[in-house]
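# Just a sequence and a predicted model for now, questions to come.
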Amino acid sequence: MSKHDSSLSKDQFNLLKAFKKQISNPQSNTITKQAESQKATAVEELEDTELFKKALSGVKPIDNGNIAQIQTARSKKVDAQTLAKRAAAEGSAEQELTEISDTQAILNPVASQAALSYRIATLQHKVFEDLKAGKIRWFEAVDLHGCTVEQARAAVLQIIQMAKDENQNVIKIVHGKGPEAILKTYVNGWLRQHRDVLAFVSTPENQGGTGAVLVLLKRAEKNPKYKQ
């Protein structure tokens, strides 16, 4: 069909020419449409960014300085000599002092590096293993370094009483592991005699190793403070 075909008008001829061009190169039209679509999308994103920036103008960051810290701080070691003085003033450990014998401790000395381990027969194995692994959080700790035997005994009894008063059942006692392991021997003997001790074991290495023990106590169910 030629340009001079009398059966076609000028407009029809131009339309036919454009149609032929599209058929001969079909991708050009698609590419053009894609380019136009990408350009429109980029313009829209730029407009959204500008609108967001305008919306945030004048906004100030929130001051976090007055937010309360809700993490519970770990209990610190209490001073053994202070506990001993408190016990003497209150007289709260007088009965336990008469019931606990130093002789039994002396007759059963322990080595400096020995791992201490004790449990009553009825204690669940799983509970003891958790205590041994340090998985049970202790309530309070006392360090007996620098104490006399009398001060150490009073401090041990006092911290046990403190735990009972607060209805807590795990404490930590740091007795050290000197060459003669004197306080370690006494602590081992005292705890085995105490009526409220269910078990005790040397702490994991990262908590003091054989220089300290974790002690599991009976729960103070009959404590009037927690009767309700």
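Happy to help now that I have it. Numbering: from 1, shown residues only.
# list the contacts for A114?
For A114, the contact set (C-beta atoms under 8 Å, 6 or more residues apart in numbering) comprises 181, 210. Where you see a C-beta, it was placed from the backbone N, CA and C, and this is true even at glycine.
# Verify the assumption that it is located in a strand.
No - secondary structure assignment (DSSP: H, G, I helix; E, B strand; the rest coil) places A114 in coil, not in a strand.
# and it, what pLDDT?
A114 is assigned a predicted lDDT (pLDDT) of 95.
# Please apply the same query to the one 4 residues further on.
We note a pLDDT of 97 for Y118 in this prediction.
# how about the closest residue to it other than its chain neighbours, secondary structure?
Excluding the flanking residues, the one nearest Y118 by C-beta to C-beta, 6 or more residues apart in numbering is F200, at 5.3 Å. Under the three-state scheme (three-state DSSP), F200 adopts strand.
# Ok, Q104 next?
Using three-state DSSP, the structure places Q104 in helix.
# and it, how far is that from Q193?
6 Å (C-beta to C-beta, to the nearest Å).
# which residues of this protein fall in strands?
With strands called from DSSP state E, the chain shows them at 77-79, 117-119, 140-143, 170-174, 197-202, 212-217.
# Just send the ones you listed back as JSON lines, with distance to T185 too.
What follows is those, written out as JSON lines (distance: least, C-beta to C-beta, whole Å):
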{"stretch": "strand 77-79", "distance to T185": "21"}
{"stretch": "strand 117-119", "distance to T185": "13"}
{"stretch": "strand 140-143", "distance to T185": "17"}
{"stretch": "strand 170-174", "distance to T185": "13"}
{"stretch": "strand 197-202", "distance to T185": "13"}
{"stretch": "strand 212-217", "distance to T185": "12"}
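# Out of those, the one nearest Q158 is which?
Closest to Q158 of the strands of the chain is strand 140-143 (C-beta to C-beta; 8.2 Å).
# can I get the CA coordinates of the closest one in CSV?
Extracted as CSV, the C-alpha positions of strand 140-143 are listed here (Å, rounded to 0.1, in the frame of the first residue of the first chain):
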residue,chain,number,x,y,z
GLU,A,140,22.1,-12.3,100.7
ALA,A,141,25.8,-13.1,101.2
VAL,A,142,28.3,-12.7,104.1
ASP,A,143,32.1,-12.6,103.9
